[in-house]
Every structure is written in structure tokens, then in C-alpha cells.
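Visitor: could you work out the structure for the sequence below:
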Amino acid sequence: MEKVDFRKSLKHLYAPPAKDFVEVEVPAMQFVKVDGAGDPNTAPAYRQALEWLYSVSYGLKFASKLTLKRDYAVPPLEGLWWAEDMDTFLTREKNKWSWTMMIMAPDWIDRAMFDAAVEKASAKLGAKPPASFRFETFDEGLSVQIMHIGSYDEEGPTIARLHGEYLPANGLTENGHHHEIYIGDPRRTAPEKLKTVLRQPVRRV
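Guide: Now for the predicted structure:
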């Protein structure tokens with residue numbers, strides 16, 4: 001049975017260059033998603049969000065392999081981030097951030113499979129999912145992205161350069177929340193070697 005790895009089949013989305021910003025057209029894809037707020041390092045809601053995302057996403061993978069005979073590597077964790085004052089991203093005041101954490105699900109996964117995976121996760125975790133836990137299509141469209149190599153707390157200068165230099169110089173403006181895709185695993189990778197796709201959906205002015 002062939003195992004699909006979206007990091008390879010969608011390399012243009014998951015492996016941008018680390019030196020230069022690039023524009024990319026992101027197609028509509030479906031995600032398992034959950035909303036929250038607060039410092040991801042300390043907020044209980046963030047830990048709960050990831051627990052549910054991974055439990056359901058792996059449940060979908062196993063169901064796909066068993067019932068559809070289609071195997072795939074669970075895609076990386078992604079996050080949409082925003083705040084009332086976006087300068088808090090540069091000052092890293094994480095307690096003021098809001099977020100949507102999400103994991104992509106292949107287009108052959110349907111809602112019935114999602115509902116079944118949620119039911120199994122509920123039995124396993126002994127709880128109901130967060131109120132915002134959902135399965136929906138996300139259509140990001142035209143975006144600008146770059147690969148950040150290093151710790152999450154060192155993203156500020158790159159984000160500032162994107163918004164202060166690249167976008168105005170290329171006739172672009174923001175069209176959605178700051179988006180991060182976590183290619184590296186912080187539990188197993190040194191901070192200076194972490195890889196994170198930094199993406200900003202845009203529109204032409």
C-alpha cells in the first residue's frame with residue numbers, strides 16, 4: 001500500500017526557501033481545527049487543543065488505511081495567530097495572542113469519518129471535544145511565505161521584514177491571519193534547528 005507524504009507531494013507549500021520570500025497560490029484544503037487564546041507554552045487550552053487534534057487526525061489516518069486502503073503520513077501541525085495589537089508578535093507577549101490550531105485532512109476524508117474519529121477520541125480521552133473543534137475547508141489563496149530556521153522566539157525580525165518591506169514593495173497587503181506550519185518537532189529538535197513555514201495570505205493592492 002502506497003503511503004502519501006504531503007510534505008513531498010505538496011513540497012511548494014511545505015518547503016519554501018529560507019533566504020527569500022516567495023508567493024504561492026494555496027488551494028482550498030480541509031482541516032481539523034480548534035480555536036483558543038493565551039500563551040501556547042502555558043495555556044491549558046492549547047495543550048488540550050493539540051491532544052484532540054492529534055488524537056482525531058491519527059484516528060482518521062488509521063480509518064483511511066483500514067477502510068479505504070489509503071495510507072498517508074499525518075500532515076504537520078499548523079497555526080493561525082492574531083492579536084488586537086499585532087506588535088505583540090514582535091515583543092513576544094504570548095499571553096495576548098489568539099490562535100486556531102489545525103491539521104490538514106486529505107480530500108478523501110469525509111465528515112462521517114471525522115465524526116467517527118471524534119467519537120473514538122472522546123472515549124479514549126474521557127471527555128467531549130472543545131466547543132470550537134471542527135472539520136472544515138480553508139481556502140487561503142494567494143500567500144507569501146518563507147522557511148524560518150531557528151527558535152520560535154526568533155521569528156520577529158522575519159515577520160517585521162515581511163510586513164514592513166516585502167509586502168509594500170510588491171503591492172501586496174494582508175488578507176488573513178499570520179500562518180505558521182511546524183515542520184520540526186520541538187520535543188526532538190534543538191531550537192536553533194527548528195523549521196517553521198511562516199506564511200501570510202495576501203491580496204494585491
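
Visitor: could you use CA atoms for every contact and neighbour count after this?
Guide: Noted.

Visitor: give the next helix or strand downstream of the helix-or-strand element of the chain with minimal mean pLDDT.
Guide: Lowest mean confidence among the helices and strands of the chain (mean pLDDT, DSSP states H and E): helix 88-91, at a mean of 74. Downstream of helix 88-91, the next assigned helix or strand under DSSP states H and E is strand 98-105.

Visitor: where does the residue lying closest to E25 once chain neighbours are set aside sit: helix, strand or coil?
Guide: Spatial nearest neighbour of E25, excluding adjacent residues (Cα to Cα, 6 or more residues apart in numbering): L142 at 4.5 Å. Secondary structure of L142, reduced to three states by DSSP: H, G, I helix; E, B strand; the rest coil: strand.

Visitor: how far does the least confident helix or strand of the chain sit from its chain's centre?
Guide: 19 Å (Cα atoms, centre = their mean, to the nearest Å).

Visitor: which parts of it are buried?
Guide: Within helix 88-91, the residues that count as buried by 16 or more other Cα atoms under 10 Å are 88-90.

Visitor: cool, and stretch 66-83?
Guide: For stretch 66-83, by 16+ other Cα under 10 Å, it's 70-72, 74-83.

Visitor: out of those residues, which are inside strands?
Guide: 71-72, 78-82 (DSSP state E).

Visitor: still on that earlier bit, for the buried residues of stretch 66-83, which one is nearest V118?
Guide: Relative to V118, the closest of these is V74; by Cα to Cα it sits at 16.1 Å.

Visitor: how near is that closest one to P40?
Guide: 21 Å (Cα to Cα, to the nearest Å).

Visitor: grab the nearest non-local neighbour of the most centrally placed residue in the chain.
Guide: Centroid-nearest residue in the chain, with Cα atoms, centre = their mean: E78, separated by 1.1 Å. Spatially, and ignoring its direct neighbours in sequence, E78 is nearest to I181 (4.4 Å; Cα to Cα, 6+ apart).

Visitor: residues contacting the helix or strand where that neighbour lies, please?
Guide: I181 belongs to strand 178-182 when elements are defined using DSSP H and E. The contact list for strand 178-182, computed with Cα atoms under 8 Å, 6 or more residues apart in numbering, reads 14, 76-82, 195-201.
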